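1. here are the coordinates; sequence isn't available:
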């Protein structure tokens, strides 16, 4: 599907680099951090200084250390949520697109109902009901994303299934599974991949928004979204404790988004 | 939209389709209300205890539970709630003892004003940006504008809002109130200054999607056969743009606006919390915190009905704006085409240049 | 942005107990001396009271919409009650009481009965004159089991059947089973608003307070107008009072600075420097004896073991808890409450911060690898996180679990193993009835000590100060030795207001900014 020409797409290069940088920062950060994320080393809302370039936060943690330790959670949670939604949604969407009328209608209707509900509110309701364990939050966000994937996968599958090469495969007597895996799946993969990138972007936004509302990762863990929440009171006193994590969230979302744009553009170019 | 139907007294062809859609939408709202009702029962809380407070003796709690009918089976409780709702009674808030309908009505108006303001800003802006970029396709301006739009799109909306609060709470920037404390004694339109920042924040985060959608559909329309044909016939360029391309580019924009509105309802929740704006989002957030079940159910119902209404309106507008669909004799044609439209606008990324 | 906010403000200030105004100014003096500071914590603003205008007060009510109930206030209802209702007594600046509506209120010799007579010619907002029936009705309503007010427990000793009307202005209160109850003033004053017999908290919320209700939008704002027949002549001063509810501190500070409100009641310490630097604002510090601490649930392992409770109290670095948990605005405490009460036992030495002894006590108790869950609300999480970090040094893993307020105060409220606790400044007996006394309204530590209960019950019935002192001294020795409360600090309350506001001054109570009858606005 992709060749080396992928890297000639500037958006893919740029998005890939930005995303990679953030991923490396999040993964290696905990080792690079001068202090543990929970160590209270400075004064409450201490201003930036030589030792602490971004100052200290609401309890006197080193903001740099918390930044370095706080990327992993949002990284794995947004990745996991997007991945689960992708798998679940693709499975259901292909099932709907290739099955007989009634199942198709049922799944489509379910996705419609689901979509009629604003996803942040759905997530808020579920998390407040079931608690804020990380895996629960991931599942909830994934569930909120799934109907979008279902529709996309179903739409692409229907479009592909009506094309000649699928009909040819059917006439040659290949099994449904084989047609599905060999012929259809590769052809719907690109739009799904683009959608995956978008879901990452939304996931980062939604997870940090949840943390901001106080429903996300629980303290004392370091998490970029949580940092915005807990330091909001000091916004006017020590803005770096809020701005720095906000900036990193923004950059991460930007990277994944550009990557998705690039893939979309690349595949559009190949089709021409 | 009046239909030039002089030849017959038949109802417009789209009416049966519309009624079908309406029923479908109401069905959706009903299913969601059922799911939410059952889900709120799972919230770890006891309404009787919420009302009476943590120190109430067990006997009083039991009495109240019976009075409220909380020890009946869930299905029965749901049916009685549904019966009330159909009579326009959403129950009494556990937290404030006020009728839920009244609370929601006041808040909903504020949120509608907010969303309306956003639309007023975003739709003209998106149209003009989208059209002018499409006409200057691949120019330097186009590339720069697209990058800026992508950057805006990627930034989570609540970060934009926090940035605005930060900016406007600085003494140097006291042009606009950083938070929205509406005076309930005055009409909303007498205190529009409180709306400006939330509208700005929400507009910034919803502009990119719409502007790019308009740009993409304009480009598609400009490349279409009938535009080439018109050019060959020597139709002036402004006429091509205004009379032939733009109306066609509007159709996907209508669906785009509907999608934007739907995501805005979620986004408005965060923006309302950040700006302390007394809308339906802040209300839902506090209702969840307080475990105020009747209020949660009421707010969710209203939001769901709102989304259903938005979708319905968008579909109707799409049909009315598309001549081929408007005059269609058969409902199936509308449905098939509508599906085509829908799967089209659900794929914004693939449409990206 | 003001980055000059100093980090060391809490060092050295934390021990300065009492001397309210002195403390306030010394705290602020530690911040930045260069800023255009207003006369922040200086005593009452000069000038004579000005009549008229609308006084707008911004309060934080969290997520609760709240109500107007005199006897069962929720959310901002307690603050609104200060405008709507008057009581037999009112609070002095030093948390003692003086007569309010009452012109006479005294217990008999053994405190088994109180006689209360109100001033003549008093009126409610709706014009009805106040009589003994209204007085009885108010007490009966507060203690009504059907109302289930959480604050009924404070006056749980009152015998509802034995209330008597002596004449049109006088009633007599007796206590259950012939018991004695001395601290009636301190316990009835808080939630004993006097309301008429036709009172209803929703449809007829009238009282005899300085302001009468004009309009109430739950969760948003309440508007009041001046009560012309208030029992204090010439007061209140403003024509209208508006209490505006905010969900968060940041937006309220923004509103204060933008002139959208005149008073911000109870501001966050984080914003003190910012507010002080604004020449249009005054910042008032009230060094209260409201305590901040943790409840160690003595009914559950490992806190059943006195040694573990001791160890926890030893491993708390109180200085740091005040510094980080209260941002320096407070003073350290000695696991005992009500230090301004004349019966307070000052002979008990301040418990030191002693990690070694804490470790050795834990070893003795066989709890070397202890894991504890600390359940808290989001509001009180800071001190919990600081304590968790401190406990780590003694080898104790404290897991902080934040829950919603509705869960925290829900059915499980006395089941939490460890939870934060705090009580506004009150005398010893009243505070005890909030916490660990027999029949206390919130006994989250489940402390039930036979000797302590006996002493406390005796003290409740002992009007004589010298004799009560002896009882309280012994009771406090027990609390200090084996109680279930880890009280690490006393909190300062910060109020901020526009310079146009007069009559606002620091005091030892928590409600300097709620005295609506003595605040005024230079509205001209």
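-> Looks like it came in fine. Just so we're clear, the structure is a prediction, and the values are computed from it rather than from any experiment.
2. pLDDT on stretch B:261-269, on average?
-> Per-residue pLDDT over stretch B:261-269 has a mean of 78.
3. does it come close to chain A?
-> Yes - contact of stretch B:261-269 with chain A (CB under 8 Å from any CB of the partner chain) involves B:262-263, B:265-267, B:269. Yep, even glycine has a C-beta here, placed from its N, CA and C like the rest.
4. out of these, which sit inside helices?
-> In helices, judged by DSSP state H, the following of those are found: B:262-263, B:265-267, B:269.
5. max pairwise distance over the residues you listed: which two?
-> B:262 and B:269 (12.6 Å; CB to CB).
6. now the residue nearest to the spatial centre of chain C: phi and psi?
-> Taking CA atoms, centre = their mean, the centroid of chain C lies closest to residue C:424, which sits 2.1 Å from it. Dihedral pair for residue C:424: phi -60, psi 160, per degrees, to the nearest 10.
7. circling back: relative to chain C, which of the ones in helices among the residues of stretch B:261-269 next to chain A is nearest.
-> Comparing those against chain C with CB to the nearest CB places residue B:269 closest, at 12.9 Å.
8. ok, the closest one - contacts?
-> Counting by CB atoms under 8 Å, 6 or more residues apart in numbering or on different chains, residue B:269 touches A:118, A:120-121, A:124, B:281-282, B:284-285.
9. what does residue C:134 give?
-> C:124, C:128, C:194-197.
10. the strands in the stretch 351-500 of chain C, which residues?
-> Using DSSP state E, counting those that start in this stretch, the strands of the stretch 351-500 of chain C run over residues C:371-377, C:397-403, C:418-423, C:485-498.
11. mean neighbour count, those: which tops it?
-> Comparing the strands of the stretch 351-500 of chain C by mean neighbour count (mean count of other CB atoms under 10 Å in any protein chain shown), strand C:485-498 ranks first with a mean of 26.
12. the inter-axis angle of that strand versus strand C:418-423?
-> 50 degrees (axes from the mean of the first three to the mean of the last three CA atoms, to 10 degrees).
13. can you list the weak-confidence ranges in the chain?
-> Defaulting to chain A. Scanning chain A with the threshold set as pLDDT under 70 gives A:1-6, A:100, A:161-167, A:170, A:176, A:269-272.
14. ah, I was thinking of chain B
-> B:1-13, B:42-47, B:49-60, B:169-190, B:322-353.
15. per-domain residue ranges of it.
-> Domains of chain B are assigned by automatic domain parsing as B:9-95+B:326-343, B:101-289.
16. measure the longest one end to end?
-> Looking back up the chat, that one is domain B:101-289. One end of domain B:101-289 to the other measures 19 Å (CA to CA, to the nearest Å).
17. show me where the stretch 1-150 of chain A has its helices.
-> A:10-32, A:63-69, A:71-98, A:101-115, A:119-130, A:134-161 (DSSP state H, counting those that start in this stretch).
18. take these and write them to TSV, including distance to chain C and mean neighbour count.
-> Converted to TSV, the helices of the stretch 1-150 of chain A look like this (distance: least, CB to the nearest CB, whole Å; neighbours: other CB atoms under 10 Å in any protein chain shown):
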stretch	distance to chain C	mean neighbour count
helix A:10-32	18	17
helix A:63-69	12	25
helix A:71-98	16	21
helix A:101-115	26	16
helix A:119-130	8	21
helix A:134-161	14	22
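19. that older thread, how close does the residue nearest to the centre of chain C get to chain A?
-> Distance of residue C:424 to chain A, given as CB to the nearest CB, to the nearest Å: 22 Å.
20. dump the residue contacts of that residue.
-> Going by CB under 8 Å, 6+ apart, residue C:424 touches C:288, C:290, C:509-510.
21. of those residues, which pair is most distant in space?
-> Going by CB to CB, the pair spanning these furthest: C:290 and C:509, at 8.8 Å.
22. any shared contact partners between the two?
-> Common contacts of residue C:290 and residue C:509 (CB under 8 Å, 6+ apart): C:424-425.
23. show me where the stretch 151-300 of chain C has its helices.
-> C:184-191, C:249-257, C:272-276.
24. residue contacts, the nearest residue to residue B:101 once chain neighbours are set aside?
-> Spatial nearest neighbour of residue B:101, excluding adjacent residues (CB to CB, 6 or more residues apart in numbering or on different chains): residue B:90 at 4.6 Å. By CB under 8 Å, 6+ apart, the residues touching residue B:90 are B:84, B:99-101, B:104, B:294, B:297-298, B:301.
25. now, of those, which are buried?
-> B:99-101, B:104, B:294, B:297-298, B:301 (16 or more other CB atoms under 10 Å in any protein chain shown).
26. show me where the stretch 151-300 of chain B has its helices.
-> Using DSSP H, counting those that start in this stretch, the helices assigned to the stretch 151-300 of chain B run over residues B:157-168, B:193-222, B:225-232, B:237-239, B:246-275, B:280-290, B:293-321.
27. contacts for the first one, please.
-> Taking contacts as CB under 8 Å, 6+ apart, the residues outside helix B:157-168 that touch it are A:205, A:208-209, A:212, A:228, A:232, A:235-236, A:239, A:242-243, A:246, A:249-250, B:173-179, B:197-198, B:200-202, B:204-205, B:267, B:270-271, B:274-275, C:250-251, C:254.
28. and if we set it to 7 Å?
-> With contact meaning CB atoms under 7 Å, 6 or more residues apart in numbering or on different chains, helix B:157-168 is reached by A:205, A:209, A:212, A:235, A:239, A:242, A:246, A:249-250, B:173, B:176, B:178, B:197, B:200-202, B:204-205, B:267, B:270-271, B:274-275.
29. only the buried subset of the residues you listed, as a ChimeraX command please.
-> Selecting only the buried members of the contacts of helix B:157-168 in ChimeraX, with burial defined as 16+ other CB under 10 Å, works like this:
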select /A:205,209,212,235,239,242,246,249,250 /B:178,197,200,201,202,204,205,267,270,271,274,275
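30. which one's the longest helix in the chain?
-> No chain in the question, so chain A it is. From DSSP H, the single longest helix across chain A is helix A:240-271.
31. if you could check chain C rather than the one you did, that'd help
-> helix C:465-482.
32. go on, chain B?
-> Counting by DSSP H, the longest helix found in chain B is helix B:100-135.
33. can you pull the buried residues of that helix?
-> B:100-101, B:103-104, B:106-108, B:110-111, B:113-115, B:117-119, B:121-123, B:126-127, B:129-135.
34. near chain B, which residues of chain C show up?
-> With the criterion set to CB under 7 Å from any CB of the partner chain, chain C comes near chain B through C:63-65, C:67, C:72, C:145-146, C:148, C:150, C:153, C:202, C:217-221, C:244, C:246-248, C:251, C:254-255, C:258, C:260, C:404, C:406-407, C:409-411, C:413, C:441.
35. quick one: buried ones out of these?
-> C:63-65, C:67, C:72, C:148, C:150, C:153, C:217-221, C:244, C:246-248, C:251, C:254-255, C:258, C:260, C:404, C:406-407, C:409-410, C:413, C:441.
36. can you redo the strands of the stretch 351-500 of chain C as JSON lines with distance to residue C:521?
-> Shown next, in JSON lines, are these (distance: least, CB to CB, whole Å):
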{"stretch": "strand C:371-377", "distance to residue C:521": "34"}
{"stretch": "strand C:397-403", "distance to residue C:521": "39"}
{"stretch": "strand C:418-423", "distance to residue C:521": "31"}
{"stretch": "strand C:485-498", "distance to residue C:521": "8"}
